[in-house]
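Colleague: what follows is a predicted structure for the sequence shown.
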Amino acid sequence: MIDRIISLRNRVHKDDFRFVLTPKHWDVLYMPETVEKHNLATVVNDGELKGYAAYYLTNIEQARAYDVREICAADEKTFTQLIDQIVDKSKKDQVDFVLLRSGEDPYKEACIKKGFLSFKESVVLVALLDPEELLSNLSEKIENGKILKLVIKDFVPITIKVGQKGIEVVKEGRPDVIMSTDGKTFLRLFFGRTSLLRMILNGKVSLDNILNWTTAARFFSLVRHSKLHIPMGDWV
Amino acid sequence: MRNEQEERIRTLKHGEETAHFNMLNLTYDPWGSEEEWKRRYRLHPDFDITENVVIVEKNGQWAGGGTAWFREALLKNNKKIPVYAAGSLYVHPDFRGKGVYSTAMRSLNQLAQKKGAALGFTFPAIYRIVAVALPKYGFVPIFYPTTNVLVLNPDKFFQFLISRAQKTYFPENLNGIKFRLTVSFNTAQDRREISGTFRIENGQIYESRESQDKGHVDLTVKTEIGTLMQIISAFYIGRRALLFRLFSASVMRRLKIRFSMKLFRAFLGF
């Protein structure tokens, strides 16, 4: 089953920034033996896994709750079927409430229809530790492109060839444009939380040659990861 | 120089597991069960307590620490990058306000950089003070996940909310404020209303045992649970979001609120 779970997660969230899920991680983070009760809800159609939800019983502030570590569904119908399974089990086990934390909220309406209330109680914070390692892994061999020198405060500058369809981290090259910023602004742009134009206007990003701003804009459009899938099970 | 001599960074040693678990429970009050410690610190893949658990000592005494869990993340081109998640940061009560948290957090970032992590992650609750402190160490809020909750037992859920609120630190100028909260729950079976009277002292909420006479209360809030949850979220996200939520809920008659001038003045100062 675990291979099918990993395969489904990678298919449903193929464009999302996410942690690698291995069978070992699944056992410890999603189906731990150390809790009173853990459960796996699944929806299978014609032998194909369409969705799963891992959840376990937890004691929070003197209440008993089912905490959903991850819910992953190929479509809204599957999502609703998984929610039904969780709610039925919760009523049967007489828990006080069910917690379901979700990232991008693709099936918000389905939750509302089932009587869930929604609120914000957590935040995902990210720190930039090695931009070169990050960008090198997005790097591919490209023939033509403009050279962007990326200067992030407190890090070694990175020279990047920006093509039409990809970027390549290169050793050297005479830059067409030098872009300077700080780590936090870079991350907000990398994860699509703000726009380059806004950051330029705010003075958080500066370009030595504003006429080449399209190179900087293309760079971010190529490396941007606007969607994240880091379910509760991956939190520590 | 003197400070450097007094402060020492090291990692956990074998044989110190119970002391570490006790330290977490002392500082988080409570942190969790032994089983939970075992899950995070013994069973977690590729985890070694002698490498991943940082301890800060002051004058030879165990003052605080934190933990780094290393993972790999997938980029949209399916390539993997090394990342780490920082967590379980704590400071012993005797060493609070002495830079221990800063040392622990910086040490974790340095450890992660040494091990080649490209990004660091943390997942704090927004009501915890660390969510406010972490940007000092290079962390930036990237997104606020939605928590969906299905309430099956309104009394227990109300108590859960109060317990969470009791872990929040409120601005000092709200000290002395007394408020009464009435929340309605529409469950599948019926409609329930639950009330409680509270006061803020030393930046924290306490359940008030005093008279519930309206004359003694600075704030009376009557609302339904969904609206309350959204107002609480907005409180942590920012003052603008809070004002918007309060205004829209009042206009839509989902919130009835009465407050004294004392609270109004305190709020403006906050």
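Modeller: Ah, there it is. Values in this document were obtained by computation on a predicted structure and should not be read as measured data.
Colleague: domain parsing for chain A?
Modeller: Chain A breaks down into these domains under automatic domain parsing: A:2-118, A:131-223.
Colleague: reformat these into CSV and put mean pLDDT next to each item.
Modeller: What follows is these, written out as CSV (pLDDT from 0 to 100):
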stretch, mean pLDDT
domain A:2-118, 91
domain A:131-223, 96
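Colleague: kindly reformat those as TSV containing distance to residue B:178.
Modeller: C-beta here means a position set from N, CA and C on the backbone, and glycine is covered the same way. Listed next are the domains of chain A as TSV, based on distance: least, CB to CB, whole Å:
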stretch	distance to residue B:178
domain A:2-118	23
domain A:131-223	39
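Colleague: list the contacts for the closest residue to residue A:36 other than its chain neighbours?
Modeller: Of all residues not flanking residue A:36 in the chain, residue A:57 sits nearest, at 4.8 Å (CB to CB, 6 or more residues apart in numbering or on different chains). Contacts for residue A:57 (CB atoms under 8 Å, 6 or more residues apart in numbering or on different chains) come out as A:35-38, A:64-67, A:93, A:95.
Colleague: can you show me the CA trace of whichever helix in chain A runs longest as CSV?
Modeller: Longest helix of chain A, by residue count under DSSP state H: helix A:76-92. C-alpha atoms of helix A:76-92 as CSV (Å, rounded to 0.1, in the frame of the first residue of the first chain):
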residue,chain,number,x,y,z
GLU,A,76,-13.3,16.3,-4.9
LYS,A,77,-15.6,13.3,-4.9
THR,A,78,-12.8,11.2,-3.4
PHE,A,79,-12.0,13.9,-0.9
THR,A,80,-15.6,13.9,0.3
GLN,A,81,-15.6,10.1,0.6
LEU,A,82,-12.5,10.3,2.7
ILE,A,83,-14.0,13.0,4.9
ASP,A,84,-17.1,10.8,5.4
GLN,A,85,-15.0,7.9,6.5
ILE,A,86,-13.1,10.1,9.0
VAL,A,87,-16.3,11.7,10.4
ASP,A,88,-18.1,8.3,10.7
LYS,A,89,-15.1,6.9,12.6
SER,A,90,-14.8,9.9,14.8
LYS,A,91,-18.5,9.6,15.8
LYS,A,92,-18.1,5.9,16.5
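Colleague: so which elements touch it?
Modeller: strand A:38-45, strand A:48-60, strand A:63-73, strand A:97-102, helix A:108-113 (3 or more CB pairs under 8 Å, 6 or more residues apart in numbering or on different chains; DSSP states H and E).
Colleague: average pLDDT for stretch B:225-237, rounded please.
Modeller: Mean pLDDT, stretch B:225-237: 85.
Colleague: just how off-centre is the host helix or strand of residue B:56 within its chain?
Modeller: Residue B:56 is part of strand B:53-58, with elements assigned from DSSP states H and E. Here the centre of strand B:53-58 is set off from its chain's centre by 22 Å, with CA atoms, centre = their mean, to the nearest Å.
Colleague: would it count as contacting chain A?
Modeller: No: using CB under 8 Å from any CB of the partner chain, we find that strand B:53-58 stays clear of chain A, coming within 12.2 Å at best.
Colleague: strands paired with the following helix or strand past that strand, and their directions?
Modeller: Later in the chain than strand B:53-58, the nearest helix or strand by DSSP H and E is strand B:61-74. According to DSSP bridges, strand B:61-74 has the following sheet partners: strand A:17-19 (antiparallel), strand B:53-58 (antiparallel), strand B:80-91 (antiparallel).
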